[in-house]
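Student: Here is my input; please provide its structure:
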Amino acid sequence: MRFPRENRFTLFLELLYSATMSQIIYKITPQAPWREAETHGRFTGAPIDVADGFIHFSTAAQVRETATKHFAGQTDLLLVAVDGAGLGTALRYEVSRGGELFPHLYDVLDLKAVLWVRPLPLGADGVHQFPALEGQ
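Tutor: As a prediction, this is how the structure comes out:
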């Protein structure tokens, strides 16, 4: 479904429609906090998440830019795929970088919502190497 781009309101509706239809969201995190979360069955977030009061996620269309902007050159990272549909009203899509709507979780992440966890290695070119992502 496409909305006409006649004004900002319809553009907002288009972004909202697109974002909320994405059921799988992605979290990039260093391995250490994630491994700790696995022992407790819940993820409270990386230090930036704790400071901001919510857990930052990205859609498939956003996650590569997130890696470039916030994790450039970092090794020892994991990419976590989460079923956003099961997170309820604690998951909100909010305007962030470039006016895009990003998924933010205002709760701890119960690891039962995690679909998979994979390493996010750096390639020889210094760019993170992503697996195929649903929703791209």
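Student: List the contacts of the helix or strand containing residue 48.
Tutor: Under the criterion of DSSP states H and E, residue 48 resides in helix 47-52. Helix 47-52 is contacted by residues 44, 55, 56 when judged by CB atoms under 8 Å, 6 or more residues apart in numbering. All C-beta spots, glycine's among them, are computed from the backbone N, C-alpha and C.
Student: after that helix, next one along is what?
Tutor: strand 55-56.
Student: measure the nearest residue to residue 129 once chain neighbours are set aside to residue 116 for me?
Tutor: For residue 129, ignoring the flanking residues on the chain, the nearest one in space by CB to CB, 6 or more residues apart in numbering is residue 123 at 4.7 Å. Per CB to CB, to the nearest Å, residue 123 is found 20 Å from residue 116.
Student: cool, residue 78 as well?
Tutor: 10 Å.
Student: So for these two, which sits in the more crowded spot?
Tutor: Ranked by neighbour count (other CB atoms under 10 Å), residue 78 and residue 116 place residue 78 first, with 17 against 10.
Student: Contacts only, for that one.
Tutor: Contacts of residue 78 by CB under 8 Å, 6+ apart are 28, 29, 30, 31, 34, 117, 118, 119, 120.
Student: Out of those, list just those in helices.
Tutor: 31, 34 (DSSP state H).
Student: export the contacts of residue 78 to TSV and tack on pLDDT, distance to residue 131 and neighbour count?
Tutor: TSV is the format used below for these (pLDDT from 0 to 100; distance: CB to CB, whole Å; neighbours: other CB atoms under 10 Å):
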residue	pLDDT	distance to residue 131	neighbour count
28	98	13	22
29	97	16	22
30	95	18	15
31	95	16	14
34	96	16	18
117	97	11	18
118	97	6	11
119	97	9	13
120	98	9	23
